[in-house]
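Chemist: okay, here's the prediction I keep looking at, along with the sequence it came from:
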Number of protein chains: 2
Amino acid sequence: MKPRLRHDVIVRRLRRNGTSTVAALAEEVGASRRTVLRDISVLRDEGFVIHSEPGRGGGLQLDPQSLQTTTRLSVAEVFALLISVASMRAAGNLPFSDLADAGLAKIEKALPSDKVRDLRRFLDCLYVGQLSPQVDISDMGTMDPALLPAFETAFLQRQHLRFQYRDAKGSVTIRTVEPQAMLILPPLWYLVAWDPIRKDFRHFRMDRISRPEYVQDTTFRRRHVPFEDNVRPIQLSPF
Amino acid sequence: MKPRLRHDVIVRRLRRNGTSTVAALAEEVGASRRTVLRDISVLRDEGFVIHSEPGRGGGLQLDPQSLQTTTRLSVAEVFALLISVASMRAAGNLPFSDLADAGLAKIEKALPSDKVRDLRRFLDCLYVGQLSPQVDISDMGTMDPALLPAFETAFLQRQHLRFQYRDAKGSVTIRTVEPQAMLILPPLWYLVAWDPIRKDFRHFRMDRISRPEYVQDTTFRRRHVPFEDNVRPIQLSPF
DNA sequence: TTCTATGGTGACAGAATTTGGCACCATTGC
DNA sequence: GCAATGGTGCCAAATTCTGTCACCATAGAA
């Protein structure tokens, strides 16, 4: 019997009976005690919460709480997690980022396919480059939490986006644009958008955007965005 | 790379991109063409509907409707995700951490409550600040993966921690200390510990710690750790 | 047509993993 | 003290997995 199948049988058994012992499971799957113990250990690593009691009358028990799964995350939430983990990996914290990646993989695996498609379309709009050292980042602000949800709809439904923009001199204007891409020039984030009035692409620093909202019943086509040479689509680790 | 992991990567790739080729997948998972073909065959047996087109311009395609799986995250994975989000939020240069938090809060609900308690106690020991620009980070190494499990036990059980430490000059010593806090000064991570011999707090760079182990049957009390002004506990989501 | 890019199969040796057996430890209830 | 239970380390044997190579089939491009 293959490991995979054995794991399935063990989990099924623990689910049905609620409790069992290593010896009983070994008998049941036709493997040795040692092998079953190894299987339990693997299952625990995979996230099954299996309680155990040594001593007479002891045994194994699958935590019923660990059965309720199907947490429904939104595309924006998964996107935000992906970004966090990717940037932590970039910062070089390897032991944690491997685990985090494994967790992300599971999250994505449990995501319904339409959301995976949206996620991919959203990630396709994300580009990374290097910030020119001349840019002043001393006045970097924080981003409006409403940004991402608004972006999600605007990018995925291809609806126009309207927001307040405070430029480098501090003057505030209202813009209505076609969101075409997101650009990361660490530590700054930009919205790259086509301004239909000025008929040109504009870069908007995200920390200077406020009150974002998508404009209902508008639509636009994706345009080819001209980027500098060192700007690339984002590469996420395959794991 | 283990078969199981490879299968996950392949499925994820096909779900994200919708389509791919055997050669591309082989490259991606670091295996031979033959192995990927075998993997595809196994995945088909498991119920994934993978269409294939031979000939130029052909390739593989995963039927999006096939096989919705549920997975569960392990506590360690949730922890790693929490760490990445929390430290990125503290570093301040990332948007979207609210959404990432919201997602994690949902995930956390699926974990058993005793694990969550441990998790929070562990995270309570985490502080974040800003690294002074004078610190030389050119020699930054990678952290020993054994760190996390050893820390987990040492912090939660309040047991002494023993490890090898290589200081800035390269000389190696063995230390036995009371782990009191973890400090992130991006991109560096420190263990803040009370050294009972020197009767003082010491900061140890985690990438210079090796062979960590907790010392059985020792215990200590939590001390008030003096931090610089710009150091804060990480802000957790309101759960 | 011929060439190239694609999926697919069979066989086999060598690499890698898994398995079982064993000794042993810790805990618990009788 | 004893028996039942979970758990770990070690090692040789069994099993599985992997890469390589040769080859086939198909479809589009040149």
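Modeler: Received, thanks.
Chemist: report the residue ranges of every domain in chain A.
Modeler: A:3-67, A:75-122, A:126-233 (automatic domain parsing).
Chemist: now those domains in JSON lines, with mean neighbour count and mean pLDDT?
Modeler: Any C-beta I mention is one placed from the backbone N, CA and C, and that applies to glycine too. What follows is the domains of chain A, written out as JSON lines (neighbours: other Cβ atoms under 10 Å in any protein chain shown; pLDDT from 0 to 100):
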{"stretch": "domain A:3-67", "mean neighbour count": "15", "mean pLDDT": "92"}
{"stretch": "domain A:75-122", "mean neighbour count": "21", "mean pLDDT": "86"}
{"stretch": "domain A:126-233", "mean neighbour count": "16", "mean pLDDT": "91"}
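Chemist: which one, of those, ends up nearest to DNA strand D?
Modeler: Counting by Cβ to the nearest atom of the strand, DNA strand D lies closest to domain A:3-67 out of the domains of chain A; the figure is 3.2 Å.
Chemist: would stretch A:164-179 count as contacting chain B?
Modeler: No. Using Cβ under 8 Å from any Cβ of the partner chain, we find that stretch A:164-179 stays clear of chain B, coming within 14.5 Å at best.
Chemist: the helix or strand harbouring residue A:176 packs against which elements?
Modeler: Here residue A:176, judged by DSSP states H and E, is contained in strand A:172-185. Under the contact criterion of 3 or more Cβ pairs under 8 Å, 6 or more residues apart in numbering or on different chains; DSSP states H and E, strand A:172-185 touches strand A:126-128, helix A:147-157, strand A:161-166, strand A:188-195, strand A:200-205.
Chemist: and the ones you listed as TSV, adding distance to DNA strand C?
Modeler: Formatted as TSV, the helices and strands packed on strand A:172-185 follow (distance: least, Cβ to the nearest atom of the strand, whole Å):
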stretch	distance to DNA strand C
strand A:126-128	25
helix A:147-157	29
strand A:161-166	37
strand A:188-195	31
strand A:200-205	33
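Chemist: gap between the strand holding residue A:176 and the chain center?
Modeler: Offset of strand A:172-185 from its chain centre (Cα atoms, centre = their mean, to the nearest Å): 22 Å.
Chemist: repeat for stretch A:44-61
Modeler: Distance, centroid of stretch A:44-61 to centroid of chain: 32 Å (Cα atoms, centre = their mean).
Chemist: what's the spacing between the residue of chain A most remote from its centre and DNA strand C?
Modeler: Largest separation from the mean C-alpha position in chain A: residue A:56, at 45.4 Å (Cα atoms, centre = their mean). As judged by Cβ to the nearest atom of the strand, to the nearest Å, residue A:56 and DNA strand C stand 4 Å apart.
Chemist: look up how far residue A:192 lies from the residue nearest to residue A:129 when sequence neighbours are not counted.
Modeler: Leaving aside its sequence neighbours, residue A:129 sits nearest to residue A:231 (Cβ to Cβ, 6 or more residues apart in numbering or on different chains; 3.7 Å). Separation of residue A:231 from residue A:192 (Cβ to Cβ, to the nearest Å) stands at 10 Å.
Chemist: what do these two both touch?
Modeler: When Cβ atoms under 8 Å, 6 or more residues apart in numbering or on different chains defines a contact, the residues bordering residue A:231 and residue A:192 alike are A:127, A:183.
Chemist: enumerate the residues of chain A near DNA strand C.
Modeler: Residues of chain A found near DNA strand C (Cβ under 7 Å from any atom of the strand) are A:2-3, A:6, A:30-32, A:34-35, A:38-39, A:53-58.
Chemist: which of the residues you listed are close to DNA strand D?
Modeler: Filtering the residues of chain A next to DNA strand C for proximity to DNA strand D by Cβ under 7 Å from any atom of the strand leaves A:2, A:34, A:53, A:54, A:55, A:56, A:57, A:58.
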